[in-house]
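# missing the sequence, but the structure's below:
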């Protein structure tokens, strides 16, 4: 029963607007396999950092101010990613290219130079997930209050709950990508919208810290 409660708390934790915005920022415009890979990397980075903080919180009393710093860091990351996406659209650094492979059309969407193709989105998602895991330290206080101690099973139940939501969102975004992002106009509008929402979420979080 205890692990189920923690699992469902992980599910609720994942539905935070900061997590949803971060995954959308990384996943928009990517094909299904890469989208799911990115969300998995984000969940992995988030889970590892939450485990580290869970162990720290179990052994040490962390001042309220430090938890506020963690919340501020997470908010700044979301706002920064949103501003970055808005800037890429404004500078026309969002690109789309189509080609045929085995008689099937493939679409590639990327940010940055028109002639460069970055494949580091997975590692970036891992790093951002880890950094935002610092912002999840307050959530781990709730987990510890329920579980009483930190074990692999406790943290695993929490991380599985988080990962289920992350991967579900990644799947929905991949479907959206394949159905609606077939031309550069739709891509730029979507990136602009996602960036704007991410910036507003980050600024709203900063105002509430």
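Here it is on my side, so go on. These numbers come from a predicted model, not from an experiment. Numbering: from 1, shown residues only.

# ok, now how distant is residue 70 from residue 88?
According to Cβ to Cβ, to the nearest Å, residue 70 and residue 88 sit 28 Å apart. Any C-beta I mention is one placed from the backbone N, CA and C, and that applies to glycine too.

# which of the two has more neighbours?
residue 70 (21 against 18; other Cβ atoms under 10 Å).

# quick check: the more buried one touching residue 134?
Yes - under the criterion of Cβ atoms under 8 Å, residue 70 makes contact with residue 134 at 4.7 Å.

# my guess is residue 98 is in a strand, correct?
Yes - Residue 98: assigned to a strand according to DSSP: H, G, I helix; E, B strand; the rest coil.

# now it, nearest residue through space, not along the chain?
Nearest residue to residue 98 in three dimensions, chain neighbours excluded: residue 107, at 5.3 Å (Cβ to Cβ, 6 or more residues apart in numbering).

# can you show me the strands along the protein?
Along the chain, counting by DSSP state E, strands occupy 94-101, 104-111.

# by mean pLDDT, show me the worst of those strands.
Confidence, taken as mean pLDDT, is least for strand 104-111 of these (a mean of 73).

# lowest average confidence, helix or strand, in this structure?
Ranked by mean pLDDT, DSSP states H and E, the weakest helix or strand in the chain is helix 137-147, scoring a mean of 64.

# how deep is residue 76 tucked in, by neighbour count?
17.

# distance of it relative to residue 132?
10 Å.

# could you do residue 98 as well?
Distance from residue 98 to residue 132, by Cβ to Cβ: 34 Å.

# more neighbours: which of those two?
Comparing residue 98 with residue 132 by other Cβ under 10 Å, the one with more neighbours is residue 132, at 24 against 10.

# skipping adjacent residues, who's closest to that one in space?
residue 74 (4.9 Å).

# touching, the one you found and residue 128? I think so.
No - here residue 74 does not reach residue 128: they are 9.7 Å apart, not a contact under Cβ under 8 Å.

# out of the two, which sits in the more crowded spot?
A count of neighbours by other Cβ under 10 Å puts residue 74 above the other of residue 74 and residue 128, at 27 against 23.

# do a quick rundown of the helices in this structure.
2-14, 17-27, 32-59, 64-90, 121-135, 137-147, 152-180, 184-208 (DSSP state H).

# what comes up buried for the longest one?
When you say that, I think you mean helix 152-180. For helix 152-180, a neighbour-count test (16 or more other Cβ atoms under 10 Å) marks 154-163, 165-167, 169-170, 173-174, 176-177 as buried.

# low pLDDT regions in this protein?
Within the chain, the stretches with pLDDT under 70 are 58-67, 99-103, 105-106, 114-123, 135-150, 209.

# let's go with 90 and repeat that
Along the chain, the parts satisfying pLDDT under 90 run over 1-75, 77, 93-164, 166-167, 170-171, 174, 177-183, 205, 208-209.

# count of residues packed around residue 10?
24.

# gap between it and residue 46?
10 Å.

# list residues touching both of the two?
Contact with both residue 10 and residue 46 is made by residues 159, 162, according to Cβ atoms under 8 Å, 6 or more residues apart in numbering.

# isn't the residue nearest to residue 98 right next to residue 34, touching?
No - at 11.9 Å, residue 107 does not count as touching residue 34 under the criterion of Cβ under 8 Å.

# gap between the closest residue to residue 79 other than its chain neighbours and residue 51?
Excluding its sequence neighbours, the residue lying closest to residue 79 (Cβ to Cβ, 6+ apart) is residue 202, at 2.7 Å. Shown here: residue 202 relative to residue 51, a distance of 25 Å by Cβ to Cβ.

# alright, that wraps it up for me.
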